[in-house]
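A.B. asks: okay, here's the prediction I keep looking at, along with the sequence it came from:
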4 protein chains.
Amino acid sequence: MKVAIIGATGYGGAELVRILHRHPKVSIHSIHATSMHGEKLSTVFPHMQHLIQDTLEEADLDQLAKEVDIVFTATPSGVAKNIAPLLVEKGVKVIDLSGDFRINNRETYKEWYKINAAEQEKLDQAVYGLTEWVEKDLQKANLIANPGCFPTAVLLGLAPLVKEGIIDENMIIIDAKTGVSGAGKSASQGTHFPETNDNLKIYKVHAHQHTPEIEEQLQNWNEKIGPVTFTTHLAPMTRGIMATMYLTAKESTTTKNLTELFQKQYKDNHFIRIQEGRFPSTKEVSGSNFCDIAVAYDERTKRITVVSVIDNLVKGASGQAVQNMNKMLGFDEHEGIDFMPLFP
Amino acid sequence: MKVAIIGATGYGGAELVRILHRHPKVSIHSIHATSMHGEKLSTVFPHMQHLIQDTLEEADLDQLAKEVDIVFTATPSGVAKNIAPLLVEKGVKVIDLSGDFRINNRETYKEWYKINAAEQEKLDQAVYGLTEWVEKDLQKANLIANPGCFPTAVLLGLAPLVKEGIIDENMIIIDAKTGVSGAGKSASQGTHFPETNDNLKIYKVHAHQHTPEIEEQLQNWNEKIGPVTFTTHLAPMTRGIMATMYLTAKESTTTKNLTELFQKQYKDNHFIRIQEGRFPSTKEVSGSNFCDIAVAYDERTKRITVVSVIDNLVKGASGQAVQNMNKMLGFDEHEGIDFMPLFP
Amino acid sequence: MKVAIIGATGYGGAELVRILHRHPKVSIHSIHATSMHGEKLSTVFPHMQHLIQDTLEEADLDQLAKEVDIVFTATPSGVAKNIAPLLVEKGVKVIDLSGDFRINNRETYKEWYKINAAEQEKLDQAVYGLTEWVEKDLQKANLIANPGCFPTAVLLGLAPLVKEGIIDENMIIIDAKTGVSGAGKSASQGTHFPETNDNLKIYKVHAHQHTPEIEEQLQNWNEKIGPVTFTTHLAPMTRGIMATMYLTAKESTTTKNLTELFQKQYKDNHFIRIQEGRFPSTKEVSGSNFCDIAVAYDERTKRITVVSVIDNLVKGASGQAVQNMNKMLGFDEHEGIDFMPLFP
Amino acid sequence: MKVAIIGATGYGGAELVRILHRHPKVSIHSIHATSMHGEKLSTVFPHMQHLIQDTLEEADLDQLAKEVDIVFTATPSGVAKNIAPLLVEKGVKVIDLSGDFRINNRETYKEWYKINAAEQEKLDQAVYGLTEWVEKDLQKANLIANPGCFPTAVLLGLAPLVKEGIIDENMIIIDAKTGVSGAGKSASQGTHFPETNDNLKIYKVHAHQHTPEIEEQLQNWNEKIGPVTFTTHLAPMTRGIMATMYLTAKESTTTKNLTELFQKQYKDNHFIRIQEGRFPSTKEVSGSNFCDIAVAYDERTKRITVVSVIDNLVKGASGQAVQNMNKMLGFDEHEGIDFMPLFP
């Protein structure tokens, strides 16, 4: 099987290359970007020297359609909505790592992304690829909307509670923290080291574009779900997302019962590790496709706290994309992505 | 005026020394610790060389009572409850930076601190020193319970809303993040650099001893306040606390109205800086006695988010202690603590 | 006395404002930048809120000449060479924090800075302001070239050895490490947090423009000094410079003898702290005007190692500039800059 | 092939587990430590959950000798010197990651390590495993002394110059910087986050125990080599070593010539990546077995600067140990260790 990566010069693209070049069942056919054609990718990413010889090419969709089985689009918002449908029409499977196909409601997309959405027909074709909870047969899917980094951590942490109707549907509060690689490879004042190091910032309060993505999925699972409070913080670290979620229990319960519920619901999911009697930290999943989750009930307040951590570039982007590819192509789910976190 | 510091070898004590040695109206009479007697403090803290010549001494309470006007106790929990009352009896004013006198309810103290509380009579004498909101005349106070680092950030952020009855009293959710200096000067596995750097941890979920301190103060302001959800995170930075607070508005409002309320309530408080149209970050108050606060209303959820940042060792400990001392001694409130944050 | 700052929106300018606004003997008359005229400086630097009300203005040199006693130029290379002489002609004293007046040899300046130097006559007027070693009477100086951050740490560490002729003049090797604030306030790929955090880089190998500045001063002290090896590293921290210097002793000596030499030479210099039996670290001087130095002799190799640390933005820039101002205006040398490092 | 790890609870041991559990040609038979017997390793290292089920056992050397082919000892200094010879006698191959067998001269070992050395006969049996430069047939070796982290970076960077006689043998100056994981898993005041973060320290000046290891190897290559200056710094990062080496060229040369020499000497070494026209940074090798090297000639001083970076826990410890194992067992050299650095 041959794969191509469009948008290989960002962090998501680089992680795809890292994972796919060692994948036992696929090979990287070509890598693409909008500039630097003819340059080796290892010029952009010197850490790839001696391993990756590929050069950046312009993406010729017709040619790609003839030569590859699957294309990953790791492009900025608004790009894949044009490219992906063309590739799908030509018979190529596409996994899009951008936000373009994640939100089915076109108005909602436009409201939060401030650009026009893809056509409704295309949006309807896309499968939202939160791998552990996809109900459709991914082998039949042609277009996967790979989830956002925050929604991945959040939805994996909320799913058992929302699906079982355990929590008040109108009282979902998500306090999310991310490492700075989530801001992408382009430098900006907001990611300038002297002002980011040893500093904790809050950003996009009530305004993060991952909010409607979270809500739409939760509502797919439980239509009573109301709007959620979702706030994001920038922590002085490179990788990692922690979502701390505050929920109100409809009925009294215990930490033990809740933990067992999570264990049961995720018992067949290798990449979800339910913590018992302890809480996860971001470094414990760094560089890996794991999502570590803990849940605790507070008798004093009748509230439930869920903590979910991922590596934003792996389970929150490229690792999950390959997990989806594995399912799409009928491989074992953890083929090529079963590596241990890098700790410390 | 002469001051003594008991517990000078911790971070709180060191910050007191930093601040007080340049205070225009008091002088450091002596510094005390339980060990290292006869050693220069600058042996423990080499950054103090050429500035601080004092040596560590055993604390002789009788002698201190004769020679100093005010004593700061920056000792572990359970120590000041024995020392402070003796000093007060001998006519010395005491500002305690530990938790010993912060909680008036002895049962509550024992439940969360796991040790016996001070005597009720002594607890009743102590004034809770959240300086901006102290109603009593501090010049008449003999014993000040200096607030905890987290409660300082939290209570300053919640006061306007709780006092005005704007929020649902039973829906207060506090997601707090602290730098690692909050764990004190003693090394431990939990503060070992390789496992703390580039990592985000959550700790003491539903179990932090600052919870009852927050609740007791809120209930003093508004007796309807129920138990709060309070969770703490360890961010990979040295100083700083950010408290992100999620609240439910009783009635629809706007960010503008809320901001004006905060501006009005804090208009005479130099150290409280209400942010308008932007959000604070911890580095913007680092090394200073400022507390920067922003408030935002989310129309979608009818919820209010308040963000409050402080330097945990300054406004969250030693800076506020000196602010209290200033008021106790009738000085101008910002005498000796009006320095600019160190940025970047 | 009134001072103006030209170039107030960079880190050097901001530190000048931090220091000068609390200086007991001068007041900030006005602050200037090339853009953002009419904006409050606290818009650029929110940490200054409630303390600095000044707005940015265009610099009118004629007006400044009439209204202020001293001007600090904290501008990029190539700017002050035009401004400073005009101000001096109009009778204003100038302290330039850029490289424009540090190198007396015009050819050398051009070779390393790649732009034309100031006029020779102006260069000859400028006094190189390594405060502890200035031999001229600064009260008579009109134009001070404030030393570069690296040269400050390096020269203070080498002076006793070079002046006493203790080391081989042709074997001076300087391995310097700086925090990222040394790169200035403008964001770039090289200071992008995800690629700078948890990373150590080497840059400008054999090519740093501070090399000739170091050499020229050393040769002023000892004309036999040959070219030095000077290499710079970027460490994942915000502030601080450590220069580790490797030297060959002409004759056998001991660590004790060398330490005594340093202590003797710096015995009247408050800001130089010679370490005995221990080595300094950058955080121990952070936020302060101190330079901490240790020296050690290695019997095995007959080589001497000198370690010198400063805060690059204080003793390496704005703190030393104010130290020079104090001497220029006849104040006590440590007026307004005698604050303790911020630790931890 | 079956392997056992003695000392699995340190960082070196944990990295061995990370690498070996995915190695295609060996399996982990058992893991050992001096305490916590019966506990799962994933209790100590939660990042290993779902991947490593092994429990810690006491090491029974007789049993190990019967059941495994190779033993890794990742123990503190002074332990392996007793264990390894016993295992070798029983016919098991041993790779020791401690310093016990690295220095052939017993007096030297005692002088720098302050404990007694292994027996001379055993030291003579040990092969120093700087893989790229081992001249003996590793398939015939029974005991490998795996090089220290610093010596690995240093020796790989110096080998071409020393072997070719290009540099002055008495003028080798090594300025080394390491991440804090080099200090091991045990917490101490020197690795306490608040005092290590945003700080740069120098330690063991002229006194690091890796000094004689470097010297002995260099002298094996070129007997004229004199004592080296070797100084170590602690940088605020988790992983990574950078060695900056200052050397005096016997004859004039060019950067181009030197780079070509390095390229030629390492042309068959996959894990050595010679940089051309750029310099390496530690993050570019993080998590990998690569050593990136750049060399530059300075015409002004006739000196050569070599920069060498590795991940101290991989090429500087466990990765190189597996590289040695591969050669010992006749596998392809990069079997199981050819993973890409984790960047950013």
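C.D. replies: Done, it's in.
A.B. asks: list the contacts of A:Ala159.
C.D. replies: Applying C-beta atoms under 8 Å, 6 or more residues apart in numbering or on different chains, we find A:Ala159 in contact with A:Glu132, A:Trp133, A:Trp221, A:Gln265. Using the backbone N, CA and C atoms, a C-beta is placed for each residue, glycine as well.
A.B. asks: try 6 Å
C.D. replies: By C-beta atoms under 6 Å, 6 or more residues apart in numbering or on different chains, A:Ala159 lies in contact with A:Trp133.
A.B. asks: secondary structure element for A:Thr244, which one?
C.D. replies: Assigned by DSSP states H and E, A:Thr244 belongs to strand A:241-249.
A.B. asks: angle of that strand against strand B:241-249?
C.D. replies: With axes from the mean of the first three to the mean of the last three C-alpha atoms, to 10 degrees defining the directions, strand A:241-249 sits at 40 degrees from strand B:241-249.
A.B. asks: pull the number of nearby residues for the residue of the stretch 201-344 of chain A found nearest chain C.
C.D. replies: Nearest to chain C in the stretch 201-344 of chain A, going by C-beta to the nearest C-beta, is A:Thr238, at a distance of 4.8 Å. Neighbour count of A:Thr238, defined by other C-beta atoms under 10 Å in any protein chain shown: 25.
A.B. asks: near chain D, which residues of the stretch 1-150 of chain A are found?
C.D. replies: Residues of the stretch 1-150 of chain A lying close to chain D (C-beta under 6 Å from any C-beta of the partner chain) are A:Arg18, A:Pro46, A:His47, A:Gln49, A:His50, A:Leu51.
A.B. asks: grab the nearest non-local neighbour of the residue of chain A most remote from its centre.
C.D. replies: Within chain A, the residue lying farthest from the chain centre (C-alpha atoms, centre = their mean) is A:Arg300, at 34.2 Å. Closest residue to A:Arg300 apart from its sequence neighbours, by C-beta to C-beta, 6 or more residues apart in numbering or on different chains: B:Pro227 at 4.4 Å.
A.B. asks: tell me the SS of the residue nearest to A:Gly99 when sequence neighbours are not counted?
C.D. replies: In space, and not counting its chain neighbours, A:Gly99 is closest to A:Ser77: 5.1 Å by C-beta to C-beta, 6+ apart. Following DSSP: H, G, I helix; E, B strand; the rest coil, A:Ser77 is assigned to coil.
A.B. asks: next one: A:Asp198
C.D. replies: Going by three-state DSSP: A:Asp198 is coil.
A.B. asks: just to check, it is in contact with D:Phe193?
C.D. replies: No. Under the criterion of C-beta atoms under 6 Å, A:Asp198 makes no contact with D:Phe193, lying 11.1 Å away.
A.B. asks: ok, the strand of greatest length in chain A near chain B or not?
C.D. replies: As assigned by DSSP state E, the longest strand anywhere in chain A is strand A:167-178. Yes. Counting by C-beta under 6 Å from any C-beta, chain B has neighbours in strand A:167-178: A:Ile173, A:Asp175, A:Lys177.
A.B. asks: scan those and report the most crowded one.
C.D. replies: Neighbour tally across those (other C-beta under 10 Å): the maximum, 30 neighbours, falls on A:Lys177.
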